[in-house]
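*Asks:* Here's my sequence, what's the structure:
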Amino acid sequence: MKTLRLILGDQLNSHHSWFQTKDDSVIYLMAEVRQETDYVKHHIQKVTAFFLAMRHFAKTLQAQGHQVRYYKISNEDNLQDFELLIQKEIALHSITHFEYQLPDEYRLDEQLKTICSQLNITSRAFDTEHFYTNREELASFFQSKKQLFMESFYRMMRKKHQVMMVGEQPLGNQWNFDHDNRKKYKGEVPVPKAKQFPKKVSTIVDEIQQAGVSAFGNIDPDNFGWPISRDECLELLDYFCNNLLPYFGTYEDAMYTQEKQLFHSRLSFAMNSKMLSPKEVIDTVVAHYHQNQEIITLAQVEGFVRQIIGWREYVRGIYWKEMPQYAQMNVLENHEPLPDFYWTGQTKMHCMSQAINQSLDDAYAHHIQRLMIIGNFSLLSQRHPDAVDAWYLGVYIDAIEWVELPNTRGMSQYADGGILATKPYVSSGSYINKMSNYCESCHYNVKDKLGDNACPFNSLYWNFLDDKKQYFKNNQRMAMMLNLLNKIPAEELYRIKEKAAYIIQNPDLY
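*Replies:* Just a heads-up that it's a prediction; the model follows:
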């Protein structure tokens with residue numbers, strides 16, 4: 001009996017039960033394939049990071065005595081497709097049994113089920129042993145409920161896994177400190193430098209380019225700073241606990257021109273590649289809080305825990321509950337293409353320039369930059385959710401479809417009509433001004449709706465509410481804004497809509 005086991009690029013879980021014993025009859029297959037680099041155009045740092053992490057993982061397995069067949073993107077015998085490579089390895093090594101870990105993308109899940117159905121040998125799928133929940137747990141939890149609320153799911157998760165609980169009650173007798181975690185950053189607290197893991201990557205970047213992979217974004221091949229091993233990821237977790245956690249919650253929604261990451265952990269790539277598990281991250285952070293309560297308040301750690309055990313597991317559950325139809329939803333019927341400046345960063349809107357150029361330079365932006373700057377503009381200017389999805393999935397180093405799609409198409413673009421969020425996350429320039437210093441150095445005036453120097457977000461916001469009011473007429477959370485819309489004089493609204501229409505059709509002029 002000989003077994004072939006496939007390991008995908010986001011399945012770098014060294015603690016998986018597969019690897020606990022060495023078995024000479026088992027061969028592990030890992031491959032950098034055009035199938036995965038080409039289904040959407042990716043940031044060059046994203047491709048580089050995944051390939052480096054995969055290569056390091058393969059070497060670690062080999063050092064432990066496991067047999068690994070590894071195909072680099074540049075290998076001449078790399079058939080660049082999982083089905084072809086699996087068939088090749090089965091024939092080459094007289095394989096009698098095939099195994100894989102359940103993929104976290106619907107596309108790959110379907111492909112691997114099809115591959116197995118066509119093999120003339122036995123096959124079996126295993127859990128990735130990474131998430132707190134299984135694919136169906138969220139759907140089961142909400143089975144008898146009309147509306148999905150993340151808060152109720154989050155509380156169930158806290159209770160079930162006994163995270164920051166005292167019996168059946170939350171630590172501090174409060175479930176959610178979200179209200180305390182919305183402070184604007186004004187430079188009053190020094191921000192520690194982002195933890196980097198500098199390495200030269202020119203060789204692998206050349207490999208990627210010579211293989212014909214089309215990527216975008218920027219990279220410094222002499223100073224690539226992302227963690228690509230489990231040890232580096234653990235270092236990043238430790239750095240977050242010791243340097244950033246004391247102010248994480250307070251400023252988690254803040255944005256500041258001079259500080260790209262503020263107090264965010266940047267652990268999402270480490271977790272989404274499965275080099276770190278959510279449980280060990282939460283256990284480490286909560287333990288650090290208990291040991292340092294004189295400098296870390298409960299609000300800081302609760303905000304972080306909510307993002308992982310609440311939101312991260314929640315969006316994954318939504319993904320598996322609603323796919324595949326979720327990926328085609330466009331309830332608000334938006335159809336505009338993306339502006340060119342999403343690829344160049346060249347715009348006079350300082351907030352958009354800041355968020356997009358950071359994304360192009362670092363393959364990273366924190367959640368409010370993604371949601372309330374880029375996502376907000378995309379929705380207000382009525383961009384097609386397919387185009388928005390493809391951009392988000394490609395540009396961010398941590399973007400894998402299970403987490404990107406619900407966040408973008410659901411929460412950010414409201415294209416699912418409210419499955420994930422109870423209202424669209426849109427705002428005029430006032431919210432951006434409230435939560436950042438971006439407006440202070442902008443070409444546009446955040447307080448004006450009309451005129452050449454008026455903030456584009458303002459006219460776009462009121463135009464969006466007017467254009468889509470029929471979709472929101474029964475949404476109680478939108479009632480106040482629709483009432484304000486109704487109070488705008490007809491002549492003024494006409495001018496607002498005229499300006500917004502021009503911005504929507506000519507976004508690269510702004």
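
*Asks:* At which residues are the helices of the stretch 151-300 of the chain located?
*Replies:* Applying DSSP state H, counting those that start in this stretch to the stretch 151-300 of the chain gives helices spanning 202-210, 230-239, 245-248, 268-272, 278-291, 298-305.

*Asks:* Would you mind telling me which of the ones you listed is nearest residue 130?
*Replies:* In terms of C-beta to C-beta, the element of the helices of the stretch 151-300 of the chain nearest to residue 130 is helix 278-291, at 7.4 Å. Any C-beta I mention is one placed from the backbone N, CA and C, and that applies to glycine too.

*Asks:* Determine the angle, from 0 to 180 degrees, between that closest one and helix 230-239.
*Replies:* Per axes from the mean of the first three to the mean of the last three C-alpha atoms, to 10 degrees, the angle that helix 278-291 makes with helix 230-239 is 30 degrees.

*Asks:* ok, back up a step: want to throw the helices of the stretch 151-300 of the chain into CSV with mean pLDDT?
*Replies:* CSV is the format used below for those (pLDDT from 0 to 100):
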stretch, mean pLDDT
helix 202-210, 97
helix 230-239, 98
helix 245-248, 96
helix 268-272, 98
helix 278-291, 98
helix 298-305, 96
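
*Asks:* ok, now which ones touch the closest residue to residue 251 other than its chain neighbours?
*Replies:* Of all residues not flanking residue 251 in the chain, residue 185 sits nearest, at 4.9 Å (C-beta to C-beta, 6 or more residues apart in numbering). Residue 185 makes contact with 251, 254-256, 259, 262, 437, according to C-beta atoms under 8 Å, 6 or more residues apart in numbering.

*Asks:* Quick one: these as CSV, columns for distance to residue 243 too.
*Replies:* As requested, the contacts of residue 185 are arranged in CSV below (distance: C-beta to C-beta, whole Å):
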residue, distance to residue 243
251, 13
254, 17
255, 20
256, 17
259, 13
262, 12
437, 22
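
*Asks:* Name the member of these with the most neighbours.
*Replies:* Highest neighbour count within the contacts of residue 185, by other C-beta atoms under 10 Å: residue 251, with 26 neighbours.

*Asks:* For residue 359, see how far away it is.
*Replies:* For residue 251, the distance to residue 359 (C-beta to C-beta, to the nearest Å) stands at 20 Å.

*Asks:* and if you look at residue 146?
*Replies:* Distance of residue 146 to residue 359, computed by C-beta to C-beta: 37 Å.

*Asks:* Between the two, point out the one with more neighbours.
*Replies:* Shown here are residue 146 and residue 359; by other C-beta under 10 Å, residue 359 has more neighbours (24 against 5).

*Asks:* That one: which element?
*Replies:* Taking DSSP states H and E as the definition, one finds residue 359 inside helix 350-362.

*Asks:* Could you double-check that residue 69 sits in contact with residue 26?
*Replies:* No - proximity of residue 69 to residue 26 does not meet the contact threshold set by C-beta atoms under 8 Å, at 11.2 Å.

*Asks:* Need the three-state assignment for residue 69.
*Replies:* Following DSSP: H, G, I helix; E, B strand; the rest coil, residue 69 is assigned to strand.

*Asks:* Just checking, which helix or strand succeeds the helix holding residue 359 along the chain?
*Replies:* That would be, after helix 350-362 and using DSSP H and E, helix 367-368.

*Asks:* can you list the residues that contact that following helix?
*Replies:* Here helix 367-368 has contacts from 252-255, 307, 435, using C-beta under 8 Å, 6+ apart.

*Asks:* Same list (the residues you listed) but as JSON lines, adding distance to residue 192 and pLDDT.
*Replies:* Below are the contacts of helix 367-368 laid out as JSON lines (distance: C-beta to C-beta, whole Å; pLDDT from 0 to 100):
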{"residue": "252", "distance to residue 192": "15", "pLDDT": "95"}
{"residue": "253", "distance to residue 192": "19", "pLDDT": "95"}
{"residue": "254", "distance to residue 192": "15", "pLDDT": "97"}
{"residue": "255", "distance to residue 192": "18", "pLDDT": "97"}
{"residue": "307", "distance to residue 192": "20", "pLDDT": "95"}
{"residue": "435", "distance to residue 192": "21", "pLDDT": "96"}
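
*Asks:* you'd agree residue 397 is up against residue 364?
*Replies:* Yes - the pair residue 397 and residue 364 qualifies as a contact (C-beta under 8 Å) at a distance of 5.9 Å.
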